[in-house]
Each structure stands twice: as structure tokens, then as C-alpha cells.
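Chemist: I would like to see how this sequence folds:
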Amino acid sequence: MISRSIDTNRFETWFRPLTLIHGDDPVSISISAPNQYIADFLEQHYKHLIISTAKQFSPEIENLSITITNKSSIENEPVVVTSHDNIVPKYEASSFPQLNKRFTLDKFVVGPNNQFARSAALAVSDSPGKTKFNPLLIYGGVGLGKTHLLQSIGNYVLNNSPKYIVSYITSEEFYLNFIDAIKNNSTKKFTAKFRSSDLLLMDDVQFFAGKESTQEEFFYIFNTLYQNGKQIVLTSDLPPSSLMGLQDRLISRFQWGLSVDIQPPDLETRVAILKKKAEEDNLSISQDILYYIAENVSSNIRELEGVVIHLLAYASITKSDVTIDLVRSVLKENSKPQKTKLSIDKVIDKVADYYKVPVNNIREKNRRKEVAHCRQVAMYISKIMTNNSLKTIGLNFGGRDHSTVIHAVQQIESLKDKDTSIAKDIDYIISSLNN
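Modeler: Residues are numbered from 1 along each chain as shown. As a prediction, the model looks like this:
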């Protein structure tokens, strides 16, 4: 009955590992939890739900008793010893680098919209943990370069101080890995990886909203790093004071250092971004055409770079120069697809046909790499082209939950930025569905 009261992900995390104990006390329900963390969380957040559910079977029940299955399995806090350069952890160094080597400070195009943010990033890169900019929080809209700047800091520090332990992770990945750690009774080992960091880079902290236990754990990680003089850099879509669904004590700590914003680029900066991207891709585009593109794409940097990728694809395939007519055609195709009554079934069929993968494999729990990629592409396209909720999309892919869909969308967006061939594949499928 409890499974009907909460979502599947929470039930699997907090209730599936429990065991009902048949005790002698008629007014108490006794359950066994695999570790103290789950026991404490249930006591704090689900005690009333458990008792009220139990009352439906035994009205006299008034109390909840939780015991630990195996107390010896609870891990101890990591012992951290500071040295001149690093924290030396009991556990292994963080396994979350995942930095895109293309994201460097040199390649970050500076304009009036981001000059202060870039200067702050350079300052913490030169002296991580030794400036007053700790934490450094970079905020702004989608596609304006927050992730580029965040990862640039990590790449700069690793290039200049290879022994530094740099951890980069999105808040959504942190949440999903943390849930897995709870299920595997390894939360202390998981968080120790982050506590051992010399530099922690956390992307999109706004996605911690509503995830109380995750916020709790990140709060302790933040405190450990800050007290040891280690650098913390965060990104979000809004300034700390405007973030909703986060604990006040986290918001307060985000405001301890420096918050800097990135605004949409002005015309001259957009032209400079286009020119730099075209040069990187060895694509010859006249100044007039660069200005034409910049005047017609003003929302964010990601869309600007997407236009250049499309032009590169057209030019290389057709062996033709970049003309104003070609640019007009690309801009028309590159306009954001409108969400229609397109069905998820249609999306899955089209993706399966394109990648030559059986439809059933995409829907089922097939973990083969090529199938998993197709599934993520189908989830991504379903998200941007249909009006279905994340939960509904997940249900159409073998009953997966909404967090899996969020992860798939983020994964494909990241891959599109890194690999032009994947961007071309997805653009082709979207064009086919539009037609």
C-alpha cells in the first residue's frame, strides 16, 4: 500500500530494503533497515506514513520501531589528513573527473556579458582555495557558457597542478549516484570521494531542489571542503537568493563567497563566438554572413555553435561554399522544434529504424552500449518534441522513472556538444519526424 502513496524511485530506495519483524508488542510495528542512514531517514520523513498504513491492518498500532540488520556494515567516517598541497584521504581519489578537454579559458570568448565571470574563474584557477571567492557560484540562463567556464577551471588546475584531486559532477549525477550508494550501503565511501577533493566543481545545483537527503549529504561535504581550505565552484540558473527548494543553510553557504552572472552575449560577442567556432572547425565564413547569423540567433551560445556545426555538415557533404542562401536554409531547419501531438511510439520507431536496432530492445532493459545510446536518443527527442511528462516518457521505456529520463537528456546534450556526428544523427531524426 505504501508503494501506491509515493513514487517508484523513493519506494525502491527507502522501502524495498526493509524487512518486517514480527514482534510481541501489539501497539508497535517493527521493521529492520540495512543501515543507520535509511533508519534515520525513515524515522524523520516516513514515520507517520508507516504507522498510518499499519493502522489499516492493526488499528491499535501507535509506535514504530526500527532496528539495524547489520551494524558492523556501517562504514566509518573517512580519516582526512591535510598536507601542504592536498588532502590525503583514507579512500581512493575521486572518480568523477569527466572534464571536456575542449573547455579551456583560452577558448572562452570574453565579452561585456561574461567578463567578470571569466576573471573570477581565472582567479580561483590560479589560486584554488586561497582567494575570497570560495565558493564561486556562476549563474545564468541555458547555453550561455556556465559549464564551459566551470570545466575550464578544472582543466586549468589539472594542467598546472597535476597532483590536485579535481571532482566534476552535475547535481543530477550526484543525486543518482548517491541513491545507488544508499542501496548498496556505501554512502560513506561515496561521499569520501568528494571530501577528498582539492577542487569540487558542481554543475546545476538548482536540481537539488526537493531532494532533502541529498542536500543533507552535500551540506556536510561542503563544510568539510570549506573548513580544509579547498575550492568549491558551483553553477546554477539563478542567484542563490532566488533558488527555490534548497535548505536555508545551503543557500547561506552559497553566499559566503562570490556569485557572478553570465548574461546573453551582445551582437559583437556573438560574432566573435561564431568566428572562433568556424576557425576551430576550419570552416570559411565571410564577415557579412557571420553578422547575419549573429543577428538572427541571439538566445544563447549553444544555438550559435549549433548553426556552425550544421553549416560544416552541409558544406562537407555537398562540397560547396557557405552562402547566404545556405545559411537561411540552416537557420530555418535549426529553429527549435515545436512540441506537437507526436507520439513517443513514433519517436521510438524512427530512432530504431535509423540505428537499425529492434524496437523491443529500446523498450526493454537491455544494457548493451549501442542499445542504451539509442534509448537515450529516443528519450531526448521525446522530451523536446512531445508534450509528455518525464514520468510518462519513462513509462514508455520499460517503466523507467523520471530521473532516468533526466539523465538521458543531459547525457545526449553533453554528447552533442562533444561529437558533431551525434548532433548530425539527432538532427536528421528530428527532421524526419517533422516531415
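
Chemist: contacting residues for residue 144?
Modeler: 113, 114, 262, 263, 264, 265, 300, 301 (CB atoms under 8 Å, 6 or more residues apart in numbering). For every residue, glycine as well, the C-beta is placed using N, CA and C.

Chemist: hmm, 6 Å instead?
Modeler: 262, 300, 301 (CB atoms under 6 Å, 6 or more residues apart in numbering).

Chemist: most surrounded residue in these?
Modeler: residue 301 (25 neighbours; other CB atoms under 10 Å).

Chemist: Need the per-residue pLDDT for that one.
Modeler: Confidence at residue 301, expressed as pLDDT, is 83.

Chemist: That one: what's it in contact with?
Modeler: 143, 144, 145, 273.

Chemist: cutoff 10 Å now
Modeler: 108-109, 113-114, 142-145, 148, 262, 264-265, 269-270, 273-274, 277 (CB atoms under 10 Å, 6 or more residues apart in numbering).

Chemist: Same check on residue 99?
Modeler: Contacts of residue 99 (CB under 10 Å, 6+ apart): 150, 151, 152, 153, 154, 155, 157, 158, 166, 168, 201.

Chemist: one step back: would you turn the contacts of residue 144 into TSV with secondary structure?
Modeler: TSV is the format used below for these (DSSP: H, G, I helix; E, B strand; the rest coil):
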residue	secondary structure
262	strand
300	coil
301	helix
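
Chemist: Make TSV out of those residues and add distance to residue 402.
Modeler: Formatted as TSV, these follow (distance: CB to CB, whole Å):
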residue	distance to residue 402
262	28
300	25
301	28
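
Chemist: how about the helices in the stretch 151-300 of the chain?
Modeler: 171-183, 187-195, 212-227, 248-254, 267-280, 287-296 (DSSP state H, counting those that start in this stretch).

Chemist: Following the chain onward from the last one, which element is next?
Modeler: Of the helices and strands lying after helix 287-296 in sequence (DSSP states H and E), the nearest is helix 301-318.

Chemist: Tell me which other helices or strands the next helix or strand after that next one touches.
Modeler: Using DSSP H and E, the next helix or strand after helix 301-318 towards the C-terminus is helix 324-334. Packing partners of helix 324-334 (3 or more CB pairs under 10 Å, 6 or more residues apart in numbering; DSSP states H and E): helix 287-296, helix 301-318, helix 420-434.

Chemist: Kindly provide the whole-number mean pLDDT of helix 324-334.
Modeler: Mean predicted lDDT for helix 324-334 stands at 74.

Chemist: Now do it and helix 301-318, the angle between them.
Modeler: Interaxial angle, helix 324-334 versus helix 301-318 (axes from the mean of the first three to the mean of the last three CA atoms, to 10 degrees): 120 degrees.

Chemist: Please enumerate residues in contact with helix 324-334?
Modeler: 285-286, 288-290, 292-293, 296-297, 303, 306-311, 313-315, 318, 320, 322-323, 427, 430-431, 434.

Chemist: Mark which of the residues you listed are buried, thanks.
Modeler: Neighbour counting with 16 or more other CB atoms under 10 Å marks 285, 289-290, 292-293, 297, 303, 306-311, 313-315, 322, 427, 430 as buried within the contacts of helix 324-334.

Chemist: Would you map out the domains in this protein?
Modeler: 2-71, 81-262, 267-334, 344-434 (automatic domain parsing).

Chemist: center of this structure, which residue is that?
Modeler: The centre of the chain sits closest to residue 170, judged by CA atoms, centre = their mean, with a distance of 3.6 Å.

Chemist: Read off the pLDDT value for the closest residue to that one other than its chain neighbours.
Modeler: Distance criterion CB to CB, 6 or more residues apart in numbering; nearest residue to residue 170, sequence neighbours excluded, is residue 203 at 4.3 Å. pLDDT, residue 203: 92.

Chemist: didn't residue 203 look like it was pressed against residue 233?
Modeler: Yes: taking CB atoms under 10 Å as the definition, residue 203 is a contact partner of residue 233 at 9.4 Å.

Chemist: Neighbour count: those two, which is higher?
Modeler: Higher neighbour count among residue 203 and residue 233: residue 233, with 27 against 22, using other CB under 10 Å.

Chemist: Not counting its neighbours along the chain, what's nearest the more buried one?
Modeler: residue 136 (4.7 Å).

Chemist: now residue 130
Modeler: Excluding the flanking residues, the one nearest residue 130 by CB to CB, 6+ apart is residue 229, at 7.5 Å.

Chemist: From residue 331, how far off is that neighbour?
Modeler: 49 Å (CB to CB, to the nearest Å).

Chemist: Then residue 60?
Modeler: For residue 60, the distance to residue 331 - CB to CB - is 71 Å.

Chemist: With neighbour numbers in mind, choose between the two.
Modeler: For residue 60 versus residue 331, the count of surrounding residues by other CB under 10 Å is larger for residue 331: 17 against 9.

Chemist: ok, that one to residue 434 distance?
Modeler: 15 Å.

Chemist: The helix or strand where residue 40 lies packs against which elements?
Modeler: Here residue 40 sits within helix 36-45, counting by DSSP H and E. In terms of contacts (3+ CB pairs under 10 Å, 6+ apart), helix 36-45 is packed against strand 28-33, helix 47-55, strand 63-68, helix 171-183, helix 187-195, helix 212-227.

Chemist: CA atoms only for the fifth one - export them in CSV, please.
Modeler: Backbone C-alpha positions of helix 187-195 (Å, rounded to 0.1, in the frame of the first residue of the first chain) are rendered in CSV as follows:
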residue,chain,number,x,y,z
THR,A,187,27.2,6.2,1.3
LYS,A,188,30.3,7.0,3.4
LYS,A,189,32.6,5.6,0.7
PHE,A,190,30.7,7.6,-1.9
THR,A,191,30.9,10.9,-0.1
ALA,A,192,34.5,10.4,0.9
LYS,A,193,35.4,10.6,-2.8
PHE,A,194,34.2,14.2,-2.8
ARG,A,195,35.5,15.1,0.7
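
Chemist: Can you point out the buried residues in that helix?
Modeler: 187, 188, 190, 191, 192, 193, 194, 195.

Chemist: Ignoring the adjacent residues along the chain, who's closest to residue 33?
Modeler: Residue 33 sits nearest to residue 39 (CB to CB, 6+ apart), 4.2 Å away.

Chemist: Return the residues in contact with the closest residue to residue 284 other than its chain neighbours.
Modeler: Using CB to CB, 6+ apart and skipping residues adjacent in sequence, the residue nearest residue 284 is residue 322, 6.8 Å away. Each residue near residue 322 by CB under 10 Å, 6+ apart is listed here: 278, 283-286, 289-290, 293, 308, 311-312, 314-315, 330.
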